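S.K.: Sequence and predicted structure are below.
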Amino acid sequence: MYKFADTVAGSGLSTPHLSLNTVFNGVNLDESLTDKSGSFTTIAVSGRGILPRNIHMTEMSGSHGAREKRYTYDVREITVKYKLTDRSNEGFRERFNRLNGLLLGSKKRLQFTDEDAYFLATLQSGDTPEEDSNDIVGTLVFICTNPAKNRNEQTLNITTTTQAFTIGGMESTPWTSQTRFTAPQSSFRLETDNGGKIILHYDFIDGDVLEINYETRNVFLNGKDVAVSIALETEWFELNPGLVSMRASHETALNYAERFY
């Protein structure tokens, strides 16, 4: 785990980290690539601000202007400017190779220690100047095909009694759930007050752990794919900002993160 840095001057709080570190796939690059022989230092980050909106419009014959229909967001591009140093040529190459290895994978969590938020990102490119020294400044360009900024991860404890919850954020958000059965049950239901419902037909037993992922439509029981148990009546649902009432046929923990753009 790492701590988010306090960036407010005079707050009186201290942190062992610099004010801005880059964390990719759970690894703090500034910490992992820094030792007595050299370092990785995050200098600046761009691309985390408000995204422009592509407003879809229809021209109105014989009228001024146009009719606004809806808007969408572009892919988000986040650029990290960094400094990499080492005492020796050999050490510099090794440190650079370690950096490359830590940036593998697609749609991994990208976070920065000056903000309690994360993006799902893939490294697209790295702009590195000519390596004529062991002290360079370069850039890493990450692409977020899902441009959302995710914040304030929440867990809702859904019971067999209908309860109202307030969903935060700007836009609808996906969710995952986990149900640990404490008694046999021949089916499972997770429902909202606006028509959303997940219905599974399966003979669950005491100790079974059911996991559902809205975004991928995966349904796993004790790690085994049981998507065949999904009933035809199922109506998959996202969580929309605002009030929603939910209940389940067995106590369930539902997890989500608030979405911002």
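M.R.: That came in fine, so what should we check first?

S.K.: Burial check on Arg95, number of neighbours?
M.R.: By other C-beta atoms under 10 Å, the residues close to Arg95 number 21. Where you see a C-beta, it was placed from the backbone N, CA and C, and this is true even at glycine.

S.K.: Correct me if wrong, but it is in a helix.
M.R.: Yes: applying DSSP: H, G, I helix; E, B strand; the rest coil, one finds Arg95 inside a helix.

S.K.: what about it, distance to Val80?
M.R.: 16 Å (C-beta to C-beta, to the nearest Å).

S.K.: In this protein, which strand is the longest?
M.R.: Among the segments of the chain that qualify as a strand by DSSP state E, the longest is strand 115-127.

S.K.: what packs against the following helix or strand past it?
M.R.: As assigned by DSSP states H and E, the chain's next helix or strand after strand 115-127 is strand 135-144. Applying 3 or more C-beta pairs under 8 Å, 6 or more residues apart in numbering; DSSP states H and E, we find strand 135-144 packed against strand 76-86, strand 115-127.

S.K.: angle of strand 135-144 against strand 115-127?
M.R.: Angle, strand 135-144 to strand 115-127, by axes from the mean of the first three to the mean of the last three C-alpha atoms, to 10 degrees: 110 degrees.

S.K.: buried sites along strand 135-144?
M.R.: 136, 138-140, 142-144 (16 or more other C-beta atoms under 10 Å).

S.K.: Save these as JSON lines, and put in distance to Asp35 too.
M.R.: JSON lines is the format used below for the buried residues of strand 135-144 (distance: C-beta to C-beta, whole Å):
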{"residue": "Ile136", "distance to Asp35": "17"}
{"residue": "Gly138", "distance to Asp35": "19"}
{"residue": "Thr139", "distance to Asp35": "23"}
{"residue": "Leu140", "distance to Asp35": "20"}
{"residue": "Phe142", "distance to Asp35": "25"}
{"residue": "Ile143", "distance to Asp35": "30"}
{"residue": "Cys144", "distance to Asp35": "30"}
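
S.K.: possible to save those residues as CSV with distance to Ile43 and pLDDT?
M.R.: Converted to CSV, the buried residues of strand 135-144 look like this (distance: C-beta to C-beta, whole Å; pLDDT from 0 to 100):
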residue, distance to Ile43, pLDDT
Ile136, 12, 90
Gly138, 10, 93
Thr139, 9, 96
Leu140, 11, 97
Phe142, 15, 98
Ile143, 20, 97
Cys144, 20, 97
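
S.K.: with the residues you listed in mind, which one is nearest to Ser88?
M.R.: Distance to Ser88, by C-beta to C-beta, is smallest for Ile136 among those, at 14.2 Å.

S.K.: Surely that closest one touches Leu99?
M.R.: No: using C-beta atoms under 8 Å, Ile136 is not in contact with Leu99, being 11.3 Å away.
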